[in-house]
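Peer 1: Here is a sequence together with a model predicted from it:
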Amino acid sequence: MSENDRSPSLPTMSHRDHHLTEPSSAVEAQHSVGLRVIAIYKAVKTVGLILIAIAAFRLNQQTNFEHFVHWLEHLSLTDSNHLRWQLVNLLMEQGPSKFVAVGIVALGYAAIFATEGIGLWLRKHWAEWFTVIATGSLIPVELYETIAHFTWLKLVVLLGNIAIVVYLVRIALQPRPKKQAE
């Protein structure tokens, strides 16, 4: 097929357009896998927060809220009975209307994580810094929570987020090849 035989309605992909799928340098290729892993982690968090938001919006309805509290009251967990009753009492004090706020906050964080994940997946330099700032800003809170109310999961999340910030700062500070002007 010659150049003249191509239909004008079919776009051709130039080498410049191929940057969305292929790394443009050895440095970018080296870190592409790491960025993709972090992007997938952000995608999982996004989906989890969307599910939390959906549940929160459903608990805003009085009957759903009452069913949830009733389920919690009759759940037999011998190890966490005290915690369960604290949760039931807190829910009863707050009422179903507070779940709208929980849903909105969850959707807000989901939007942030989705932005980070998509930007990292596409290997955008701005996404590296955006993720460093967003993730790094929560590390002091996570550190406090890990120390004040220690669980192994909190420690793993804290260490994982510290590793992500350090990794992304190292990548973001590396020199980038100049874009070729056409």
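Peer 2: The structure has been received and is ready for your questions.

Peer 1: Quick check: buried residues in the helix ranked longest in the chain?
Peer 2: If each helix of the chain is counted by residues according to DSSP state H, the longest one is helix 26-59. For helix 26-59, burial by neighbour count (16 or more other Cβ atoms under 10 Å) applies to 28, 31, 35, 38-39, 41-43, 45-46, 49-50, 52-53, 56-57, 59. C-beta: built from backbone N, CA, C; applies to glycine.

Peer 1: pLDDT weak spots in the protein?
Peer 2: Along the chain, the model assigns pLDDT under 70 to residues 1-30, 69-85, 87-88, 95, 177, 179-182.

Peer 1: Give the buried residues for the strand or helix carrying Tyr144.
Peer 2: Element membership for Tyr144, per DSSP states H and E: helix 125-148. Neighbour-count burial for helix 125-148 flags Ala127, Glu128, Phe130, Thr131, Val132, Ala134, Thr135, Gly136, Glu142, Thr146 (criterion: 16+ other Cβ under 10 Å).

Peer 1: Then stretch 113-125?
Peer 2: Phe113, Ala114, Thr115, Glu116, Gly117, Gly119, Leu120, Trp121, Arg123.

Peer 1: can you pull the contacts of Glu116?
Peer 2: Glu116 makes contacts with Ala39, Lys42, Ala127, Phe130, Thr131, Ala134, Thr135, as judged by Cβ atoms under 8 Å, 6 or more residues apart in numbering.

Peer 1: so how far is Ala127 from the second one?
Peer 2: Between Lys42 and Ala127 the distance, using Cβ to Cβ, to the nearest Å, works out to 10 Å.

Peer 1: Residues that sit against both of these two, list them.
Peer 2: Taking Cβ under 8 Å, 6+ apart as the contact rule, Lys42 and Ala127 both touch Glu116, Leu120.

Peer 1: Would you agree Thr146 is in contact with Leu153?
Peer 2: No. Thr146 lies out of contact with Leu153 (Cβ atoms under 8 Å); the separation is 9.5 Å.

Peer 1: ok so, going back, so which elements touch the helix holding Tyr144?
Peer 2: helix 26-59, helix 98-121, helix 152-172 (3 or more Cβ pairs under 8 Å, 6 or more residues apart in numbering; DSSP states H and E).

Peer 1: Reformat those as JSON lines; add distance to Phe68.
Peer 2: JSON lines is the format used below for those (distance: least, Cβ to Cβ, whole Å):
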{"stretch": "helix 26-59", "distance to Phe68": "6"}
{"stretch": "helix 98-121", "distance to Phe68": "10"}
{"stretch": "helix 152-172", "distance to Phe68": "23"}
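
Peer 1: Looking at those helices, which is nearest to His67?
Peer 2: Across those, His67 has its closest neighbour in helix 26-59 (9.2 Å, Cβ to Cβ).

Peer 1: Name all residues that make contact with Leu153.
Peer 2: Contacts of Leu153 (Cβ under 8 Å, 6+ apart): none.

Peer 1: Fine, thanks again, bye for now.
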